[in-house]
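1. here is a sequence with its predicted model. Questions after.
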Amino acid sequence: MLYGTNEARVEKTIPSGGKWFSMDNRLVYSPVGMLLMLFLAFLLFMVVGFLFLDLARTAFTKIGFTWGQALFVLTASLLGSSINIPITDMQCSVPMVRDRNIRAFGVPYRIPVVESVSCDTLLAINVGGAVIPSLISIVLVLRFPESLSYALAGIAFVAILTNRVAKPVQGLGIVTPALFPPLIAALAAILMVYVWGAPHDLIFLIAYVGGTLGTLLGADILNLGKIRNLGAPVASIGGAGTFDGVFLSGLIAVLLV
């Protein structure tokens, strides 16, 4: 076990021009300039982005899509991530929480303001996070009708467990742990194939359909009654973007199995 001490302070000079900075007697060294650090961060972002797109393409090809179809679906999901289709207004009976920005001595603060008035929650459905994954799931089941019973069982399995861990958050909506739905969907697909005797070729389809429709049903649809009293200004089925829980659940589940 290591303990800090205040008895001595070490100073060092780096020939390459780097500098040592002392903070609470702990030395923090910055070997490169800020511009280079930003450039490296940009490269890291690009590498991670391309890696994710390649993994997503791999997941789609596993469930029967060609490379071109996978690219089209990813592009459509990206463009649809910012589109929310309004469904209805839900009257809520709790005060709505808003953020008010206040600046003091040059420091901005966000202060929640509670308005003791009736409010409306706009219920919408996200195109990239709900509509497109749902359509893909329906097309897959229609394309492979022998998977219907196994897919429904996987959806029910994921929906029940996801609903158990979904948590309503005041002023925000319904949230779930990020990796829980895909893990459960992958487990459901494995159980369907190796325990209940589903054809092995359907394992990727069961994982994707269970991960998408099961998450939508368990996290969002079954919790619509709770959304009314959360005081959230907008409740979007499918999340706030393309790569949210629903979209990722299907892809990660396919990659896991």
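-> Structure's in. What do you need?

2. how about Leu79: what's its closest non-neighbour residue?
-> Spatial nearest neighbour of Leu79, excluding adjacent residues (Cβ to Cβ, 6 or more residues apart in numbering): Gly128 at 7.2 Å. Glycine gets a C-beta too; all of them are placed from N, C-alpha and C.

3. in which helix or strand does the residue lying closest to Ala70 once chain neighbours are set aside reside?
-> Closest residue in space to Ala70, ignoring its immediate chain neighbours: Phe60 at 3.6 Å, by Cβ to Cβ, 6+ apart. Here Phe60 sits within helix 34-62, counting by DSSP states H and E.

4. then the following helix or strand past that helix to PDB, C-alphas only?
-> Downstream of helix 34-62, the next assigned helix or strand under DSSP H and E is helix 67-80. Extracted in PDB, the C-alpha atoms of helix 67-80 (Å, rounded to 0.1, in the frame of the first residue of the first chain):
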ATOM      1  CA  TRP A  67     -23.500  -5.100 -47.100                       C
ATOM      2  CA  GLY A  68     -25.400  -2.500 -49.100                       C
ATOM      3  CA  GLN A  69     -28.700  -3.100 -47.200                       C
ATOM      4  CA  ALA A  70     -26.800  -2.900 -43.900                       C
ATOM      5  CA  LEU A  71     -25.300   0.500 -44.900                       C
ATOM      6  CA  PHE A  72     -28.700   1.700 -46.000                       C
ATOM      7  CA  VAL A  73     -30.300   0.700 -42.700                       C
ATOM      8  CA  LEU A  74     -27.500   2.400 -40.700                       C
ATOM      9  CA  THR A  75     -27.800   5.600 -42.700                       C
ATOM     10  CA  ALA A  76     -31.600   5.600 -42.400                       C
ATOM     11  CA  SER A  77     -31.300   5.100 -38.600                       C
ATOM     12  CA  LEU A  78     -28.700   7.900 -38.300                       C
ATOM     13  CA  LEU A  79     -31.000  10.300 -40.200                       C
ATOM     14  CA  GLY A  80     -34.000   9.100 -38.300                       C
END
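
5. contacting residues around the helix or strand following helix 67-80?
-> Note on helix 67-80: by DSSP H and E, the next helix or strand toward the C-terminus is strand 84-92. Strand 84-92 is contacted by residues 118-127, 131, 227-231, 234-237 when judged by Cβ atoms under 8 Å, 6 or more residues apart in numbering.

6. partner strands of strand 84-92, with direction?
-> strand 119-126 (antiparallel) (DSSP bridges).

7. the residue nearest to Ala70 reaches Gln69, doesn't it?
-> Yes - contact criterion Cβ atoms under 8 Å: Phe60 and Gln69 qualify, at 7.1 Å.

8. mind checking which of these two has more residues around it?
-> A side-by-side neighbour count of Phe60 and Gln69, using other Cβ atoms under 10 Å, places Phe60 first with 24 against 14.
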